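S.K.: For reference, the sequence and a predicted model appear below.
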Amino acid sequence: MESPDNRYASSPDASPKQSSPRKSPTRESMEKSTFIRFLVSNAEAGSVIGKGGSTISDFQSQSGARIQLSRNHEFFPGTSDRIIMVSGTIDETLKAVDLILAKLLNEFYVEDGDGDGDEPRSKLRLIVPNSSCGGIIGKGGTTIKSFVEESQAGIKISPQDNNYLGLSDRLVAVTGTLDEQMRAIELILTKLAEDHHYAQSYGAPFPYAGVLFAGFHGIPHTFVLPSVGTAAAYNSMNFGPNGAGGKFQNNKEERSTSVTIGVADEHIGFVVGRGGRYLMEINQVSGARIKISDRGDFISGTEDRKVTITGTQRAVRIAEVMISEKIAAASER
């Protein structure tokens, strides 16, 4: 399934195409660690993996990058496409993407142009956090226009899909020949590598386990969770099916809700994790949004900080359990 109508769309001018000469990036910039994610069909994913994993192993050896795929039933919300994540230095990542796209182009490409050129044109959809799309667009669209002019590829950014609660990613479609696509990807990836928010979004190839189809919005409610959770609380919870983009039959599960729990001030560090890592993991796994009150802002009559969790009832329950387990494990140590 293709992405929704595009809010930001740029394409090369109608003048004769002439690829811009590549600027030589500095060694320092190309050695930055980064990652990129994009969509492929199930058949394309099988081609990238190869028999017994031979192709993906070969591509990793040639490029030095790590290549991971979501499982065959894990699709990007609203599509029937799997996710490939490539990570490494910018140089390694680009080499791996080039190998993957060249193979897919030879096996699966469909002509997607006006037929006036010999080289096949195809479309690649990158997954980019909404918070990082502004850097690609630039003020007044200047950055995306410059990328289009330099690469001669078409670049379109979809609007954020509000049909899925917890989905904070958008699709960036890059259309062109392999050379045009790779130049555009290099420009985009180099820009993203400068964005610390993008670096913080690095995680599993499939971070959408908590993303659910949205239909209804409920009324916030508040309660206090004990500072130390128990295994019994986890075992008693029924999380239901784990289907990204799946629509629950029970409308109560689709409603957005907000819960405030109390966490002892001394335990907040365990919930946040080094550099905010565990808090990001909770967000990615559960799909809930989490806000922690400032230091000294306690629940009345306690020394517990306010941790507000917003999302579907299922997402909120998962986040609560993850927070409780983290606190319990820290307390036992």
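M.R.: That came through fine.
S.K.: where in the stretch 201-333 of the chain is pLDDT low?
M.R.: 210-254, 331-333 (pLDDT under 70).
S.K.: how about the strands in it?
M.R.: Per DSSP state E, counting those that start in this stretch, the stretch 201-333 of the chain carries strands over the ranges 212-213, 256-264, 289-292, 304-312.
S.K.: Ok, the stretch 1-150 of the chain next?
M.R.: Using DSSP E, counting those that start in this stretch, strands in the stretch 1-150 of the chain cover 8-10, 33-40, 66-69, 82-89, 122-129.
S.K.: Any idea which of the strands of the stretch 201-333 of the chain gets closest to Ile327?
M.R.: strand 256-264 (6.7 Å; Cβ to Cβ). Quick note: C-beta positions are derived from backbone N, CA and C, even for glycine.
S.K.: What is that closest one packed up against?
M.R.: strand 304-312, helix 313-332 (3 or more Cβ pairs under 8 Å, 6 or more residues apart in numbering; DSSP states H and E).
S.K.: rerun at 6 Å
M.R.: On a contact count with 3 or more Cβ pairs under 6 Å, 6 or more residues apart in numbering; DSSP states H and E, strand 256-264 meets strand 304-312.
S.K.: Buried ones in the strand it packs on, by neighbour count?
M.R.: 304-312 (16 or more other Cβ atoms under 10 Å).
S.K.: Show me which of those residues is closest to Ala288.
M.R.: Using Cβ to Cβ, the buried residues of strand 304-312 come closest to Ala288 at Gly311, 3.5 Å.
S.K.: quick one: the closest one from Glu107, how far?
M.R.: 40 Å (Cβ to Cβ, to the nearest Å).
S.K.: Okay, now the unreliable bits of the stretch 1-150 of the chain?
M.R.: Looking at the stretch 1-150 of the chain by pLDDT under 70, you get 1-31, 109-118.
S.K.: What are the boundaries of the helices in it?
M.R.: Per DSSP state H, counting those that start in this stretch, the stretch 1-150 of the chain carries helices over the ranges 27-30, 42-49, 54-63, 90-108, 130-137, 142-151.
S.K.: To Gln181, which of these lies closest?
M.R.: Comparing the helices of the stretch 1-150 of the chain by Cβ to Cβ, helix 90-108 comes nearest, at 6.5 Å.
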